[in-house]
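Asker: next one to model:
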Amino acid sequence: MSMRWRIFLSFLLVILVAVASLAFFAYHSTSREVTSFVTSGGLWGVEKNVEELEQYYGEHHTWAGAEALLTSNPQGKGMMQHGMMNSAEGGRSIGLRLIDANGYVVVDQKDPENAGTYLGANPPGSVVLTLDGETIGYLLPESGYVFPTVDINAALLDLLLPSSITAAGIAALVGLGMAIILAYFLLRPIKELEGAAGKMAQGDFAQRVTEIGPSETATLGKAFNYMAHELEKADANRRNMTADIAHELRTPLAVQQATLEAMLDGMYPLDDKNLQVVLEQNRTLHLLVEDLRLLSLVDAGELSLIQKTLELGGFLRTFLEKFKPHLQSKHLRLHTEIPDQRFELVSDALRLEQILTNLMQNAVTHSPENGSLYFSVQQHGDRLSIIVRDEGQGIAPDLLPILFERFSKGDAEKRDKDSTGLGLAISKKLVQALGGDLRVRNHPEGGAEFTLTFGGKS
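Answerer: Numbers count the residues shown, from 1 in each chain. Predicted coordinates for the structure are as follows:
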């Protein structure tokens with residue numbers, strides 16, 4: 001069953017339940033009120049007599065002297081004026097009789113000599129007089145007349161049923177009309193989402209939906225569009241990465257193949273020099289495969305980390321000492337700012353050294369001969385930052401947002417021969433795996449500045 005029909009049936013069910021409940025409670029409530037009105041004599045215009053008689057008996061506990069209360073009874077009111085009193089004569093006042101609880105006549109307005117006559121308890125057509133829930137007497141019209149017996153429930157049912165059915169029909173039509181309108185506006189964005197999701201399942205990630213409708217469907221539309229954007233971006237990255245990997249593999253493979261074929265054809269001698277060329281290209285392939293494997297492990301969350309508490313100051317000084325030979329190759333001066341105070345950091349020493357090596361090697365590659373590198377440590381509360389800055393030309397603004405993506409082309413021309421172009425992407429992923437953050441900017445005084453941060457809000 002479609003959602004549209006479910007909405008229709010839901011609205012119809014709500015309407016029927018609401019109308020049926022309203023009719024039920026209205027009928028029973030009205031029935032109680034009218035029954036109370038009838039039993040008090042209101043239907044025949046003697047309710048005032050009934051009220052006064054019940055009050056009189058409550059005060060005196062006897063009917064002696066009660067005849068005075070019947071002298072001013074309002075004849076001709078209620079339904080009696082509409083001919084409801086059996087055998088009533090036009091225009092003649094009809095007297096009343098008061099009967100005690102045992103069935104004996106106490107007062108007879110038209111024939112006082114009937115006082116003491118036994119008529120029996122609860123004579124037909126009488127109005128019952130009660131006090132605190134107990135019967136204390138009865139009120140009757142004079143002999144020859146009776147208050148008409150009316151089936152109140154049947155009369156009310158005849159009166160309320162047609163109007164209830166009419167009201168239910170009108171409410172159902174209005175409700176279904178509203179259901180059609182609401183279903184259209186509610187289902188339109190969902191239908192649009194359904195169509196877009198179907199096309200996306202077929203590989204069309206360019207699908208987008210309009211973010212309209214109630215807040216829930218608008219939020220769903222925004223979430224869908226964000227998901228579609230991310231999937232489209234991921235698909236584009238996958239395609240680009242596949243092309244980049246193929247490109248990176250092609251060069252060393254082509255060099256190896258050409259060198260081996262030349263040696264087999266006798267064009268190149270089979271000596272150490274030519275074998276060294278093949279070995280270097282093989283080493284490049286090995287680095288590329290290892291970097292790709294490392295990235296896949298980090299992406300899958302399967303990278304094994306051995307984290308322990310490091311004394312960061314000593315760790316960084318030892319690392320920089322080992323890195324000095326790389327600086328000497330370009331005659332670079334290293335300016336360090338590592339506070340003497342003790343810093344402790346829970347991290348994986350091997351992976352942290354790998355990150356710092358990538359950042360420092362990138363700085364060396366982009367620094368001019370006889371330039372300077374700046375390495376500093378800063379602490380603000382529980383936030384610890386390691387900053388690496390070079391004096392190179394900086395990073396082109398259009399490359400800053402994609403610098404940490406795989407095979408970023410920002411350093412393609414200056415890439416070190418031992419680099420695969422994945423160093424910064426690997427560093428970013430490793431930092432995130434260690435619970436930190438890595439950011440880059442162009443320093444106001446020139447060069448690129450990388451900030452590695454742990455703790456606090458990165």
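
Asker: quick check: R97 is in a strand.
Answerer: Yes: assigned with DSSP: H, G, I helix; E, B strand; the rest coil, R97 falls within a strand.

Asker: give me every residue that touches it.
Answerer: Contacts for R97 (CB atoms under 8 Å, 6 or more residues apart in numbering) come out as V105, V107, D108, Q109, N114, L139, L140, P141, E142, S143. In short, each C-beta sits where N, CA and C put it, glycine included.

Asker: with neighbour count and distance to Q432 as extra columns, can I get those in JSON lines?
Answerer: Converted to JSON lines, the contacts of R97 look like this (neighbours: other CB atoms under 10 Å; distance: CB to CB, whole Å):
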{"residue": "V105", "neighbour count": "22", "distance to Q432": "104"}
{"residue": "V107", "neighbour count": "23", "distance to Q432": "102"}
{"residue": "D108", "neighbour count": "22", "distance to Q432": "105"}
{"residue": "Q109", "neighbour count": "18", "distance to Q432": "104"}
{"residue": "N114", "neighbour count": "15", "distance to Q432": "108"}
{"residue": "L139", "neighbour count": "22", "distance to Q432": "94"}
{"residue": "L140", "neighbour count": "21", "distance to Q432": "98"}
{"residue": "P141", "neighbour count": "25", "distance to Q432": "98"}
{"residue": "E142", "neighbour count": "15", "distance to Q432": "103"}
{"residue": "S143", "neighbour count": "15", "distance to Q432": "106"}
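
Asker: quick one: the strands in the stretch 1-150 of the chain?
Answerer: Ranges of strands within the stretch 1-150 of the chain are 96-100, 105-108, 127-131, 134-141, based on DSSP state E, counting those that start in this stretch.

Asker: what about S21, how many neighbours?
Answerer: By other CB atoms under 10 Å, the residues close to S21 number 10.

Asker: how about low-confidence regions in the chain?
Answerer: For the chain, the stretches with pLDDT under 70 are 1-8, 26-45, 71-93, 144-157, 159-161, 185-186, 213-214, 406-421, 456-458.

Asker: would you map out the domains in it?
Answerer: Following automatic domain parsing, the chain resolves into domains at 42-146, 215-299, 308-454.

Asker: next, format those domains as a markdown table and append distance to E194.
Answerer: Shown next, in a markdown table, are those (distance: least, CB to CB, whole Å):
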| stretch | distance to E194 |
| --- | --- |
| domain 42-146 | 63 |
| domain 215-299 | 11 |
| domain 308-454 | 33 |
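
Asker: right, and those - which one's nearest A201?
Answerer: Closest approach to A201 among these is made by domain 215-299 (10.8 Å; CB to CB).

Asker: centre of the chain to the closest one, how far?
Answerer: With CA atoms, centre = their mean, to the nearest Å as the basis, domain 215-299 stands 42 Å off its chain's centre.

Asker: what's the answer for stretch 208-218, then?
Answerer: Centre-to-centre, stretch 208-218 and its host chain are 13 Å apart (CA atoms, centre = their mean).

Asker: can you tell me what sits against that stretch?
Answerer: For stretch 208-218, the surrounding residues in contact (CB under 8 Å, 6+ apart) are 185-186, 188-190, 192-193, 196, 221-222, 224-225, 228.

Asker: could you do stretch 288-304 as well?
Answerer: 245, 248-249, 406, 420, 422-423, 425-426, 429-430, 432-433.

Asker: only the buried residues of that stretch, if you could.
Answerer: Within stretch 288-304, the residues that qualify as buried are L288, D291, L292, L294, L295, V298, L303, counting by 16 or more other CB atoms under 10 Å.

Asker: the third one and H286, how far apart?
Answerer: This points to L292. Plainly put, L292 is 11 Å away from H286 if you go by CB to CB, to the nearest Å.

Asker: quick one: residues contacting P189.
Answerer: Counting by CB under 8 Å, 6+ apart, P189 touches V209, T210, I212, G213, T217, A218, L220, G221.

Asker: and these, which are buried?
Answerer: Listed as buried from those are V209, G213, T217, L220, G221; burial here means 16+ other CB under 10 Å.

Asker: quick one, phi/psi of I386?
Answerer: With angles defined as degrees, to the nearest 10, I386 sits at phi -110, psi 120.

Asker: can you tell me the closest non-neighbouring residue to it?
Answerer: Distances taken as CB to CB, 6 or more residues apart in numbering put L452 closest to I386, at 4.4 Å, once the chain neighbours are dropped.

Asker: helix, strand, or coil at the one you found?
Answerer: Classification of L452 using three-state DSSP returns strand.

Asker: hey, what's it bridged with?
Answerer: Beta-bridge partners recorded for L452 (DSSP bridges): I386, L438.

Asker: may I have the phi/psi pair for the nearest residue to E232 once chain neighbours are set aside?
Answerer: If the residues on either side of it in the chain are set aside, E232 comes closest to F205, at 3.8 Å by CB to CB, 6+ apart. When read as degrees, to the nearest 10, the backbone of F205 gives phi -90, psi 0.

Asker: can you pull the contacts of F205?
Answerer: Neighbouring residues of F205 by CB under 8 Å, 6+ apart: A228, L231, E232, D235.

Asker: name the nearest residue to the second one, ignoring sequence neighbours.
Answerer: Which is L231. Distances taken as CB to CB, 6+ apart put F205 closest to L231, at 4.8 Å, once the chain neighbours are dropped.

Asker: follow-up on the earlier one: and the contacts of F205, which are buried?
Answerer: Neighbour-count burial within the contacts of F205 applies to A228, E232; the criterion is 16+ other CB under 10 Å.

Asker: and of the contacts of F205, the nearest to F11?
Answerer: Among those, A228 lies closest to F11 (CB to CB), at 32.8 Å.

Asker: wait, isn't the closest one in contact with A196?
Answerer: Yes: shown here, A228 and A196 form a contact pair, counting by CB atoms under 8 Å, at 7.4 Å.

Asker: which residues do the two both contact?
Answerer: Any residue near both A228 and A196 by CB under 8 Å, 6+ apart counts here, and that gives Q207, R208.

Asker: work out for me the element the residue nearest the centre of the chain sits within.
Answerer: Closest residue to the average C-alpha location of the chain: E216 at 7.0 Å, with CA atoms, centre = their mean. Assigned by DSSP states H and E, E216 belongs to helix 215-264.

Asker: now the element after that helix, going C-ward?
Answerer: Assigned by DSSP H and E, the successor of helix 215-264 is helix 272-299.

Asker: which one of the strands of the stretch 1-150 of the chain lies nearest to P325?
Answerer: strand 127-131 (114.5 Å).

Asker: mind listing the strands that closest one pairs with, and their directions?
Answerer: Going by DSSP bridges, the partners of strand 127-131 are strand 134-141 (antiparallel).
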